[in-house]
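> I would like the atomic coordinates for the input below:
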Amino acid sequence: MSFAIASLYNERSKSRQIASWEETILMHLEDYPSITTKEAARIWKVSDRTARTRLKTMVELGRLQRIATSEKDPFATFVVRK
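From the prediction side, this is the model:
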């Protein structure tokens with residue numbers, strides 16, 4: 001008698017729920033065409049660095065698109081990805 005061994009793995013869903021801080025910015029972008037890092041920091045009541053990190057996360061998740069002239073553009077804006 002022979003037995004086959006099968007390994008089963010859970011596939012993690014690539015989509016995740018939207019965090020409340022993400023919702024805040026997405027709601028803001030319903031009324032305004034774009035947002036800057038400084039505006040996001042003011043809305044979230046966090047440092048510019050934290051806002052930059054959160055916005056980068058939203059870009060990586062495909063929720064926002066970054067519009068800038070270079071990688072280190074201090075005047076970069078963010079819009080909802082379509």
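> just want the most central residue of the chain.
With distances taken as Cα atoms, centre = their mean, the residue of the chain nearest its centroid is M58 (0.7 Å).
> the residue nearest to that residue when sequence neighbours are not counted bridge partners, please.
Using Cβ to Cβ, 6 or more residues apart in numbering and skipping residues adjacent in sequence, the residue nearest M58 is L64, 4.4 Å away. C-beta coordinates here come from the backbone N, C-alpha and C atoms, glycine included. Beta-bridge pairing for L64 (DSSP bridges): V80.
> buried residues in stretch 44-52?
51-52 (16 or more other Cβ atoms under 10 Å).
> run through who's touching that stretch.
21, 24-25, 37-38, 40-41, 54 (Cβ atoms under 8 Å, 6 or more residues apart in numbering).
> what of stretch 65-72?
For stretch 65-72, the surrounding residues in contact (Cβ under 8 Å, 6+ apart) are 34, 55, 59, 75-82.
> what mean pLDDT does it have?
Summarised as a single mean, pLDDT over stretch 65-72 is 94.
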